[in-house]
Every structure is written in C-alpha cells, then in structure tokens.
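Chemist: Next comes the sequence, and after it the predicted model I'd like to discuss.
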Amino acid sequence: MKKEERLHRLMGEIDDDLVADAAAKPIPLKVWLPRVTAAVAAVALTVGLAIAQPWASEKPPIQNGGTTITTTPDGNGEVNGNVPDEPGVPSASAPDHVAPPIPTAGTPTTSAEWTPDIWYEQPWEEKPMWRRYPDFERFEIGNYIVYETTVDAAKVGEYLQDVNLHGYDNCTQTPYDEIGKIYRIEGINDTAAVALQYPGREDYFPAMNTKYSPATLDELIEDLNLRENIRIGTVYYSYHDENGRIHDKEYAGLTVEKMWELLLSDPTLPNVADQPVDWTHKVAFRVDVPLLGITNLGVPLSEDGYIRIHLMGAEKIFHIGEDKVNAFMAYVEENCRLQKDDELIPMPGDTNAVSGTTMTSPAQPPLETETTVQKPR
Amino acid sequence: MDDKRIVELFFARDEQALTETRQKYSRYLHRVAHNILQNEQDAEECVSDTYLRAWNAIPPHRPSRLSVYLGKITRHLALDRYAALTADKRGGGTQAAILEEWRDALPHTDGDPADDLAVRDALSRFLRQLPAERRRVFIRRYWYGDTIHDIAAAQHSTESRIKMMLARTRDELKTFLEKEGIAL
C-alpha cells in the first residue's frame, strides 16, 4: 500500500467525536439572516428599553419571561422544520441525534453553527418527556434509564423520592432541569426498576437501573417478579449454508412453563457478568416483560451453556450448562412449530442475497458469531 | 429508535437491529460509500456489507457512537472496493484526487514506519488543535470524501478558498507528523 493510501485509511480511524462534529455545518444564509435580524432587533429593543428605563422608573420592571435569544423558538422549529432537503443529504430518515460540540479550546459552539445534516436533532418542544429526560441518578443506587412506555397506574405503589432530571437541547445548547417523582412498581425491587412521573404529568414511565446487578438468578427473578411478568415469544437461530449464505430458523409455541423448566430450573446460579466469558452464540428466544416496557428482548444462549439477559446496558449472565442448552434446542426442534426458515439478512444490492426465497435446509451448525467475527479494521 | 436501543437489539441478536439500522442510517452510509465509489450499485453493496459486518462485530464490540462506527466500516469497505476497481481501471474521480492531495501531507521522516495506532492518534491530536472551520473542512474532505464544490457550498465560501485552506492544513499536518517523528 502506498504511503498516501495508508494515511487516507488511517484518517478513517480518527476519534469519533471529530467525525461527528464535522457533520454539523453552518446554517444556510436564508435561515441565518432572519436569525441575525431577530437578534439585532432583540438587542436594539433591549438597549432601547435600558435607555428608556431611567425616564420610566415609575413603571413596573419588564419581565423577559426567561426567554433569551438562544432559547427562542427560532433555534428549533425554524431550523428543523423549514430548511429544505439538500440533494444527497438525508433528513427524513435521518438519525434523531446531533453531533455534540467538541470540547476543545477555541472551538466556537454557538447554536448558529448547527443545522440538521447527517445528524438530526428533534426540536426540544417536539420531544416526548422520556426523550427530553431519558435518565436520572439515584444517589448510591444507580443510573436509571427511562423506557418509552407507561406503567399501568394500578401497578404503581408507594412514593419513593424526588429525583433531579437533567435535559439538554442540542439545537440551542440549552440545559434544562426538572424534578421528577419516582414510585415503587408493584412486585418489583426498586433498586432494579421504578416508575417515574414527570412534572405536570399523570402517567408513569418505567425506568431500569443500569447498575443493577443481581448476585444470583433467583435474585433477578424475584427482583423483577419474572415468574409473573415474563411472556415468551419465538426461538430463533442462524446458520451459514454450504454457499456461505446466512439463514435463520424461527420456532413458535414454546411455553413459559417449559422455558422455566428447561433453562431456569436452578435459581441458585450466580451472575457471572463480571467475569470473562468466551461467548459463542447458539440460539436465542424472545421475551416481553410488559410491566417494565420490555418488548421483544432477545435472550441468547451460548454453545458453552451460558444464558445472557441484557437490560439497558447491564448484562446478567448465568451458566446453566451445555446440556441444558442442547436439551432446549432438541425440545424446540421436536415440539415447536417451525414458522420461518429463510434468509437472515436480505439486503438490497447484496449480491449474495436471495431475497424472499424460502429455503428448507438440512440441520446446519449454528452461526458462530464470535468465532466468525470480522472486526472492522 | 435511539442508538442505545439499537445496540441493545444487536446484543440480543435480534434482527430488528438490522431493520432499525437500515432505516436510520442507510442514506448516511450510502453517502459515505458513494462519495468514494461514485457508483450507485457499488455503494449500495458496501452499505449492505456494512450491516453484516456490524452484525458480526456487535457483540462483543459495543460502539460508543453507532453512527460513526457504521460510517467507519462503510468507509473501509468502500476504500477496499475502490482499490479493487482501480486495479480494474474503473476508479478515478474525487477519490483519485484525494489520494493525490494526501501526498502533500506525507512526512519526510526517516526510520521505521510508525504503527497504525500512533499515526491515528497523531491525526486526532493534530485535528483537535485546528480552528473549528478548518478542522471540519479537512474532515469533510478526507473522511467523508466530499467534493471541493460541495464543501465550498456548505461553508458559504469559494472553491479557491477551500482549496487554499486544505493545502495549508496538509502542509501543517506534514510538519506536525515530522515533529512527532512519525514515518509512514
């Protein structure tokens, strides 16, 4: 490889925040001009009022209502709503976040530098509360992440405490603070999950503690009351066929009772998430925990007999044993209904894809995701 | 769906992760690939391959910024494909011009070539010390592969000013790498 090619390749590995920051760009003139005009008018008005104040001292002081130039709606609705799409620049399907400013000296980070381009930030006024304030901290307990669903009010228990909610509007670079109230959810340990009530709202949102780490499987089951709350979906696994194509099989009809019996019959198993686990994926099944807003969560099992339950950034891993995983696979293949057996990733333009083709394949070794990892260079 | 939840789906080995990723990032990734390859079909194949690479890499990898992580995969794949196409005499355009421009930044440093980590680190440090506009213009050109024309339009500037800015930055990068003792 030539030196310039190597340098060009390594340019691709610069820090992520630099790449994201470059996606932001100056606001088009047609948007920028009215803003400047508004800002000049606001400054002129302020100066005018300041000059007029000594001669109008008998009048009550003028309230600005807490509104500042940087937090006026011009930074939100106008930019996000009225800037037309540019050729080749995504917007409709664009991501819902914006590149944050880079914390380097001499880097101006005023709102006037931001405009939606590759990254798109939903205007603050349009964001639902859970997106404005997606998490909160409980002192010495952990950081809770809010789910975008609501908890049935009948399941909400005693009031626990107030919590500080911190939000940040990337469009105007304005911080916001609110006070929320958290409540116990019926049957759920509050160190694992609580119900959050935003100020001025009557509904409750489930929030999971990312630091929650049960010592045993039994603790996890009890803390989340999984025996009552869990619902089970399909079982699925993937494999490569002889041509290197990826396929998947999906089975329906597994009952919750059978899942408990086959996989989780030993509640004394310790949580080994803090230990290195050589993971080779074998099969997974879907679960819902509707009370906590958890839907379609995949619970994978490894070749070596590990089960991994992944809840909002925090993993719980238990070693149930290779025999149980194999028995589970055998039960599913023998007793459950095969409802899908086709391509795993039919992507348009993928020359290897046979999109829409249903294939009946003989039993194949499962896709070994870790042993076939192709890490980006 | 926000990135944190998409990564959760990857970890859960749920194919919905691919659907969500494609829905959210396909246009962005296509742009990264197309800027390098200048060909719809080649770019689309790179984007498709990106999803598969991500599926195979997450877990164990947990990207801190999913968008850039995917973009980096796409960029590498597109550069690979570009190299193959160039060998077939199908390359050219912006990418050839960019590679030509990189020659200005090559340090005249003696010794063994520095390892990738050292060069990558030096590039990031160099970029951080640049004024915001120059840094962004440089990354637009050499990471995203934007044309001079597009960068000038985005910056409300002229093409000649952007060219001057890039040339000056390449010179400074060369000096920086030499001071750092980095050979390529």
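Modeler: Now that the structure is in, tell me what you want to look at.
Chemist: Could you give the average pLDDT over the one helix or strand A:Glu222 maps to?
Modeler: Secondary structure assignment for A:Glu222, by DSSP states H and E: helix A:217-223. Across helix A:217-223, pLDDT averages out at 92.
Chemist: Show me which positions of that helix end up buried.
Modeler: A:217, A:219-223 (16 or more other Cβ atoms under 10 Å in any protein chain shown). For the C-beta atoms, the positions are set from N, CA and C on the backbone; glycine is no exception.
Chemist: what sits up against that helix?
Modeler: Outside helix A:217-223, the residues that touch it by Cβ atoms under 8 Å, 6 or more residues apart in numbering or on different chains are A:188-189, A:191-192, A:212, A:214, A:226-227, A:264, A:266-271, A:309, A:316, A:318.
Chemist: contacting residues for the residue nearest the centre of chain B?
Modeler: Geometric centre of chain B, nearest residue: B:Trp143, 3.2 Å, by Cα atoms, centre = their mean. By Cβ under 8 Å, 6+ apart, B:Trp143 lies in contact with A:11-12, A:14, A:19, A:22, B:75.
Chemist: roughly how far apart are it and A:Glu13?
Modeler: 10 Å (Cβ to Cβ, to the nearest Å).
Chemist: before we move on, the earlier item: now, which of the buried residues of helix A:217-223 sits nearest A:Thr255?
Modeler: A:Thr255 lies nearest to A:Ile221 out of the buried residues of helix A:217-223, by Cβ to Cβ, at 17.0 Å.
Chemist: hey, where'd the helices end up in chain B?
Modeler: Along chain B, counting by DSSP state H, helices occupy B:3-11, B:16-37, B:40-57, B:66-87, B:94-102, B:116-128, B:132-142, B:148-155, B:159-179.
Chemist: I'd like the mean pLDDT over stretch B:130-149, please.
Modeler: 89.
Chemist: Kindly check the end-to-end length of it for me.
Modeler: Criterion Cα to Cα, to the nearest Å; first-to-last residue distance in stretch B:130-149 is 22 Å.
Chemist: Repeat that for stretch A:318-325.
Modeler: End-to-end distance of stretch A:318-325 (Cα to Cα): 12 Å.
Chemist: pLDDT weak spots in chain B?
Modeler: Scanning chain B for pLDDT under 70 picks out the ranges B:87-93.
Chemist: Okay, domains of it per the record?
Modeler: B:3-85, B:94-179 (automatic domain parsing).
Chemist: among those domains, which is the most enclosed?
Modeler: Most buried of those, by mean neighbour count (mean count of other Cβ atoms under 10 Å in any protein chain shown): domain B:3-85, with a mean of 21.
Chemist: Tell me the bridge partners for the residue nearest to A:Ala153 when sequence neighbours are not counted.
Modeler: With Cβ to Cβ, 6 or more residues apart in numbering or on different chains as the criterion, A:Ala153 has its nearest non-adjacent residue at 6.5 Å, and that residue is A:Tyr204. Under the criterion DSSP bridges, A:Tyr204 forms beta bridges with A:Val151.
Chemist: For the residue nearest to A:Pro267 when sequence neighbours are not counted, give its distance to A:Val325.
Modeler: Nearest non-adjacent residue to A:Pro267, counting by Cβ to Cβ, 6+ apart: A:Asp218, 3.4 Å away. A:Asp218 is 20 Å from A:Val325, where distance means Cβ to Cβ.
Chemist: ditto for A:Lys316
Modeler: 17 Å.
Chemist: Can you show me the helices along the stretch 51-200 of chain A?
Modeler: A:77-82, A:129-132 (DSSP state H, counting those that start in this stretch).
Chemist: mean pLDDT lowest for which of those helices?
Modeler: Across those, helix A:77-82 has the smallest mean pLDDT, namely a mean of 26.
Chemist: Please see if stretch B:117-124 touches chain A.
Modeler: Yes: judged by Cβ under 8 Å from any Cβ of the partner chain, stretch B:117-124 comes into contact with chain A at B:119-120, B:123-124.
Chemist: The strand or helix carrying A:Ala207 pairs with which strands?
Modeler: Taking DSSP H and E as the definition, one finds A:Ala207 inside strand A:205-209. Looking at strand A:205-209 with DSSP bridges, its partner strands are strand A:142-146 (antiparallel), strand A:193-197 (antiparallel).
Chemist: Packed most tightly, which of those strands would that be?
Modeler: strand A:193-197 (a mean of 27).
Chemist: ok, A:Ala215 to A:Asn189 distance?
Modeler: A:Ala215 is 13 Å from A:Asn189, by Cβ to Cβ.
Chemist: That should have said A:Tyr144, apologies.
Modeler: 13 Å.
Chemist: hang on, isn't B:Tyr69 packed against A:Asp16?
Modeler: Yes: with contact defined as Cβ atoms under 8 Å, B:Tyr69 reaches A:Asp16; the gap is 7.3 Å.
Chemist: ok, back up a step: between A:Ala215 and A:Asn189, who's got more neighbours?
Modeler: Between A:Ala215 and A:Asn189, counted using other Cβ atoms under 10 Å in any protein chain shown, A:Asn189 has the larger neighbour count: 18 against 9.
Chemist: quick one: B:His30 from chain A, how far?
Modeler: Going from B:His30 to chain A by Cβ to the nearest Cβ, to the nearest Å gives 9 Å.
Chemist: Show me what counts as buried in stretch A:3-23.
Modeler: Buried residues in stretch A:3-23 (16+ other Cβ under 10 Å): A:4, A:6-23.
Chemist: And for A:Ala327, the neighbour number?
Modeler: A:Ala327 has 14 nearby residues by other Cβ under 10 Å.
Chemist: what comes up buried for the strand or helix carrying it?
Modeler: A:Ala327 is part of helix A:322-335 when elements are defined by DSSP H and E. Within helix A:322-335, the residues that qualify as buried are A:324-325, A:328-329, A:331-332, counting by 16+ other Cβ under 10 Å.
Chemist: Mind giving me the packing neighbours of it?
Modeler: helix A:256-263, strand A:281-289, strand A:294-302 (3 or more Cβ pairs under 8 Å, 6 or more residues apart in numbering or on different chains; DSSP states H and E).
Chemist: Identify whichever of those lies nearest to chain B.
Modeler: strand A:294-302 (3.0 Å; Cβ to the nearest Cβ).
Chemist: what residues does that closest one touch?
Modeler: Taking Cβ under 8 Å, 6+ apart as the rule, strand A:294-302 contacts A:147, A:149, A:233, A:263, A:277, A:279-289, A:307-311, A:320, A:325, A:328, B:8-9, B:12-14, B:16.
Chemist: For that strand, buried residues please.
Modeler: A:294, A:297-302.
Chemist: Any chance of the helices of chain B in CSV with distance to A:Ile179 as columns?
Modeler: Below are the helices of chain B laid out as CSV (distance: least, Cβ to Cβ, whole Å):
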stretch, distance to A:Ile179
helix B:3-11, 24
helix B:16-37, 33
helix B:40-57, 39
helix B:66-87, 31
helix B:94-102, 52
helix B:116-128, 37
helix B:132-142, 36
helix B:148-155, 41
helix B:159-179, 48
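Chemist: This completes my enquiry, with thanks.
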